[in-house]
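Asks: only geometry, no sequence info:
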């Protein structure tokens, strides 16, 4: 029997809601705990660990110089890193900050106290340190997290589906939101969530990021046909995907990858 | 095989009878004018007049996710085959979808035989339902000649107003209806009414595109480089709606899903699609069909050309689902018309 792997959870700039999804696993969590040793998980325990992590699960995006230092230290102590949740994988909601002047936004948020804080443009974890696995979503879809975790424990790759949410949505035989007069980001958002939101009567907000090769021109024609204004769609996309503008920003801000 | 008469007033009784025999699935309204095959408990649950369901009945014959085998790494490469079956009565299948099931039968009976499909197939009783008129304007069952029943059912219903005429197609169908007291043997006037309906239908269902069906495979071969492929490729979002809803698309991916203990697990298959970006990507990272236009052309050829060569059968049933569901409004009839224009196969 192999050594029981040491697993730790860390949060950066985020709401910690994705970690709550782990605690919400219920009985599956108990089953899981038979096969791994949870050594750090601020949301559920006060113990700390000073050794090497077999798997570090990172929630949140990197938004301050302190974040950068901290994620680098965690990376150095981790055999495998899992970026966990939209903030960590694509920047997520925090990416909205990047559309503003950083000094201005600092003033807006902290007012007088702004001088005590420093801020950086929001980046997903993999733009700062190498990442082995990605669990997209806001919050993460529990069954996918379990699949990724099992792959990480086995040391085999997990392929995030590079197909539209529509694929799984059709598997679930939902009535298309466009037919119901609503705008949904499913056609350009990558699958893997089992069309969780649409199954429950909500549109897709694109929290998993876009497919690798969306047909932008084709999608514009579709939007036109359904009477959706492009600005409306872009704004909706920016809720989770504003960081996509910053591709390669790691270098622009003088940040070198540590490994 | 014989014809039976079910008075309309006894339809609910008939459904109750079926429900007592096992799980019954039939078309059910899902809102927004759309329908799905779903479990029913009584006659009034069933939408007898329906536009084709979002997914075709293939979801029962080859489910979206299906376990093929269970493994235990302590036993090395030895897999325990698994077939997940459930006796099912499938009611209200239109003739195009019956043709779709027949296509799947052909494919999965081809060598190497697909035991998961063939075993499950045995557990499903198929009850067809005739279309008296077009469901909507997307269908092309006139062109494909699928608006009349051509087998593939255990029982087949025709709605003739006051009563349903039931054709008993198989021994399985015969066994199902043998003991039903409110069914009567059809008389000559019933059969005459059926004939009259079919004669009316022959007037209603005409080729929706003026091309010769027999020449379609040749037209697709000759139109391989036609401009229409690029044109629809530019519009396609690669959402794979068209293939997922197609009654004859059967491509799948196979994955291993480990259990939490990491020692045991399941081998599953999941629907896949030639329209998906990664579908034809190989280990080196190259893709055989990197362009959307290549993928669109492939899909059409897999309906109108390749299977005709291999199985002597069109794999388009004219159900119209791919056109109905396409956000980019890539329309099958329009595409065939455009191709026929480009290749000179359009009848004037």
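Replies: Now that the structure is in, tell me what you want to look at. Just so we're clear, the structure is a prediction, and the values are computed from it rather than from any experiment.
Asks: for the chain, what spans make up the strands?
Replies: Unless you meant another one, I'm taking chain A. Along chain A, the segments classed as strands by DSSP state E run A:6-11, A:37-41, A:53-59, A:78-84, A:133-135.
Asks: not what I meant, chain B
Replies: B:3-7, B:23-31, B:34-39, B:65-72, B:79-81, B:88-93, B:124-129, B:155-159, B:163-168, B:184-185, B:252-258, B:264-271.
Asks: Make TSV out of those and add mean neighbour count, distance to residue B:99 and mean pLDDT.
Replies: Just so you know, the C-beta spots here come from the backbone N, C-alpha and C atoms, and that holds for glycine as well. As requested, the strands of chain B are exported to TSV (neighbours: other Cβ atoms under 10 Å in any protein chain shown; distance: least, Cβ to Cβ, whole Å; pLDDT from 0 to 100):
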stretch	mean neighbour count	distance to residue B:99	mean pLDDT
strand B:3-7	18	21	98
strand B:23-31	19	17	97
strand B:34-39	19	16	98
strand B:65-72	17	23	97
strand B:79-81	13	30	93
strand B:88-93	23	10	98
strand B:124-129	24	10	98
strand B:155-159	22	13	98
strand B:163-168	21	16	98
strand B:184-185	12	28	95
strand B:252-258	15	21	95
strand B:264-271	19	20	96
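Asks: Of those, give the one that comes closest to residue A:127.
Replies: strand B:252-258 (29.3 Å; Cβ to Cβ).
Asks: The closest one: how far from the chain's middle?
Replies: Put simply, strand B:252-258 sits 24 Å off its chain's centre (Cα atoms, centre = their mean, to the nearest Å).
Asks: bridging residues for residue A:55?
Replies: residue A:7, residue A:80 (DSSP bridges).
Asks: right, so of the strands of chain A, which gets closest to residue A:96?
Replies: strand A:53-59 (17.8 Å).
Asks: what helices or strands is the closest one leaning on?
Replies: On a contact count with 3 or more Cβ pairs under 8 Å, 6 or more residues apart in numbering or on different chains; DSSP states H and E, strand A:53-59 meets strand A:6-11, helix A:65-76, strand A:78-84, helix A:86-90, helix A:142-154.
Asks: Redo those as CSV? Include mean neighbour count and distance to residue B:130.
Replies: Output for those, formatted as CSV (neighbours: other Cβ atoms under 10 Å in any protein chain shown; distance: least, Cβ to Cβ, whole Å):
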stretch, mean neighbour count, distance to residue B:130
strand A:6-11, 22, 59
helix A:65-76, 16, 65
strand A:78-84, 23, 54
helix A:86-90, 31, 50
helix A:142-154, 20, 42
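Asks: Centre of the chain to stretch B:207-225, how far?
Replies: Using Cα atoms, centre = their mean, the offset of stretch B:207-225 from its chain centre is 22 Å.
Asks: contact partners of it?
Replies: B:139-140, B:142-145, B:297, B:300-301, B:304-305, B:308-309, B:314, B:333, B:336-337, B:339-340, B:342-343, B:345-348 (Cβ atoms under 8 Å, 6 or more residues apart in numbering or on different chains).
Asks: what do you get for stretch B:184-201?
Replies: Outside stretch B:184-201, the residues touching it (Cβ under 8 Å, 6+ apart) are B:2-5, B:130, B:132-133, B:147-148, B:158, B:160, B:163, B:165.
Asks: still on that earlier bit, will you turn the strands of chain A into JSON lines that also has distance to residue A:196 and mean pLDDT?
Replies: Shown next, in JSON lines, are the strands of chain A (distance: least, Cβ to Cβ, whole Å; pLDDT from 0 to 100):
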{"stretch": "strand A:6-11", "distance to residue A:196": "22", "mean pLDDT": "97"}
{"stretch": "strand A:37-41", "distance to residue A:196": "24", "mean pLDDT": "96"}
{"stretch": "strand A:53-59", "distance to residue A:196": "18", "mean pLDDT": "98"}
{"stretch": "strand A:78-84", "distance to residue A:196": "16", "mean pLDDT": "98"}
{"stretch": "strand A:133-135", "distance to residue A:196": "13", "mean pLDDT": "98"}
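Asks: Just tell me which of those ends up closest to residue A:163.
Replies: strand A:133-135 (15.4 Å).
Asks: What is that closest one packed up against?
Replies: Secondary elements touching strand A:133-135 (3+ Cβ pairs under 8 Å, 6+ apart): strand A:78-84, helix A:142-154.
Asks: neighbouring strands for it, and are they parallel or not?
Replies: strand A:78-84 (parallel).
Asks: From chain B, how far out is the residue most central in space within chain A?
Replies: For chain A, the residue nearest the mean C-alpha position is residue A:86 (1.9 Å; Cα atoms, centre = their mean). Per Cβ to the nearest Cβ, to the nearest Å, residue A:86 is found 21 Å from chain B.
Asks: Compute the number of surrounding residues for the nearest residue to that residue once chain neighbours are set aside.
Replies: Of all residues not flanking residue A:86 in the chain, residue A:92 sits nearest, at 3.5 Å (Cβ to Cβ, 6 or more residues apart in numbering or on different chains). The local packing of residue A:92 (other Cβ atoms under 10 Å in any protein chain shown) involves 29 other residues.
Asks: now do residue A:107
Replies: 14.
Asks: residues contacting it?
Replies: For residue A:107, counting by Cβ under 8 Å, 6+ apart, the contacting residues are residue A:114.
Asks: Then residue A:171?
Replies: Residue A:171 neighbours (Cβ under 8 Å, 6+ apart): A:194, A:195, B:64, B:65, B:244, B:271.
Asks: Turn the helices and strands packed on strand A:53-59 into JSON lines, columns for distance to residue B:108.
Replies: Shown next, in JSON lines, are those (distance: least, Cβ to Cβ, whole Å):
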{"stretch": "strand A:6-11", "distance to residue B:108": "43"}
{"stretch": "helix A:65-76", "distance to residue B:108": "49"}
{"stretch": "strand A:78-84", "distance to residue B:108": "39"}
{"stretch": "helix A:86-90", "distance to residue B:108": "39"}
{"stretch": "helix A:142-154", "distance to residue B:108": "28"}
